[in-house]
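Student: whatever this is, show me its structure:
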Amino acid sequence: MRIGGEIKKPYNNPTEWLLRVKELNYSTVHAPIGTDASYEDKKAYLDCARDNDILIGEVGVWRNPISPNNVEAKANIEYCKECLALADELQANCCVNIVGSRGDIWDGFYKENYDEDVYALIVDTTRDIIDSVNPKYTFYTLEPMPWMIPDSPDTYLKLIKDIDRKAFGVHLDFTNMINSPIRYLKSDEFIEECFKKLGPYTKSIHAKDAIMEKAYPCVIREVMPGKGEFNFRRIVRLIDKLGDDIPVFVEHLNSHEEYMEASSFIRETAISEGIKVI
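Tutor: Numbers count the residues shown, from 1 in each chain. Model prediction:
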């Protein structure tokens, strides 16, 4: 298992970046540079990562390729392709995005997100992104979300079948799919289902926790690993079955110190279970 997360402190070159990575004790990272970086900068960061046994786990897109604004959608699709090409150049485990939304908010909840024609658009758009880049080393993945597909292991499996591309993989965020009281209350069983069905296709994992509040009609709130109700001893054992080099990222935290606390919690939990942490 490899553990990483965001780097909040600034850096200007591979040497400074490496100091930040080591300070946080990460062994996997998000891409340290963007699509506009020069060939020389890409090579310098990639060489630094390789020389220090640091896995570049994912390149994030975070744009809406199915926006109802056609001009915006076209630009975002091109950016998806650029990010996938960067991930391939860096030999990252994956390039990750969400499917997007059919409204003004790029990651928002809209009933149109579940329309049949939108599903077809997602399949066609994802195929176009992958086919245009034809990656050799990396995978294009879609992070699950509570209010758009894939929002369950079965809908992700359906996407895999319908997209039908070898370079399409799984980014596993089990917390994002816990979008109902029953999934929260039976989180052990649901998370195990996620790993059983999606584990063979998984290229990267986001590890988060959650709390359900006594509020109406229902509030399930994401929290730092170890601050909620998930059984992380069981979770790290499930992750370990995927192999030594699976990247596990903590996210959505506010400071360097919080990232250190969250990543340390997962590392210490894994070690306590006798799991190898690189």
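Student: contacts and neighbour counts: CA atoms only from here.
Tutor: Noted.
Student: which secondary structure element is home to residue 189?
Tutor: Using DSSP states H and E, residue 189 sits in helix 187-198.
Student: who touches the very next helix or strand once past that helix?
Tutor: Of the helices and strands lying after helix 187-198 in sequence (DSSP H and E), the nearest is strand 202-206. Residues outside strand 202-206 that contact it (CA atoms under 8 Å, 6 or more residues apart in numbering): 57-58, 93-94, 139, 169-174, 246-251.
Student: any idea how far the spatially most distant residue from the centre of the chain is from residue 236?
Tutor: For the chain, the residue at maximal distance from the C-alpha centroid (CA atoms, centre = their mean) is residue 216, at 29.8 Å. Residue 216 sits 32 Å away from residue 236, taking CA to CA, to the nearest Å as the criterion.
Student: what of residue 10?
Tutor: Separation of residue 10 from residue 236 (CA to CA): 30 Å.
Student: any chance you could map the strands in the stretch 101-250 of the chain?
Tutor: Using DSSP state E, counting those that start in this stretch, the strands found in the stretch 101-250 of the chain span residues 140-142, 168-172, 202-206, 209-213, 219-223, 247-250.
Student: want to throw those into CSV with mean neighbour count?
Tutor: Formatted as CSV, the strands of the stretch 101-250 of the chain follow (neighbours: other CA atoms under 10 Å):
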stretch, mean neighbour count
strand 140-142, 28
strand 168-172, 26
strand 202-206, 23
strand 209-213, 16
strand 219-223, 16
strand 247-250, 26
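Student: tell me the buried residues in the helix holding residue 189?
Tutor: By 16 or more other CA atoms under 10 Å, the buried positions in helix 187-198 come out as 187-188, 190-195, 198.
Student: longest helix in this protein, please.
Tutor: Scanning the chain for the longest helix, with DSSP state H as the assignment, gives helix 70-90.
Student: helices of the protein, residue ranges please.
Tutor: Going by DSSP H, the chain shows helices at 14-24, 39-51, 70-90, 116-133, 153-163, 181-185, 187-198, 232-240, 256-272.
Student: which residues touch the first one?
Tutor: By that I understand helix 14-24. Against helix 14-24 from outside (CA under 8 Å, 6+ apart): 7, 9, 11, 27, 29, 32, 44-45, 48, 259-260.
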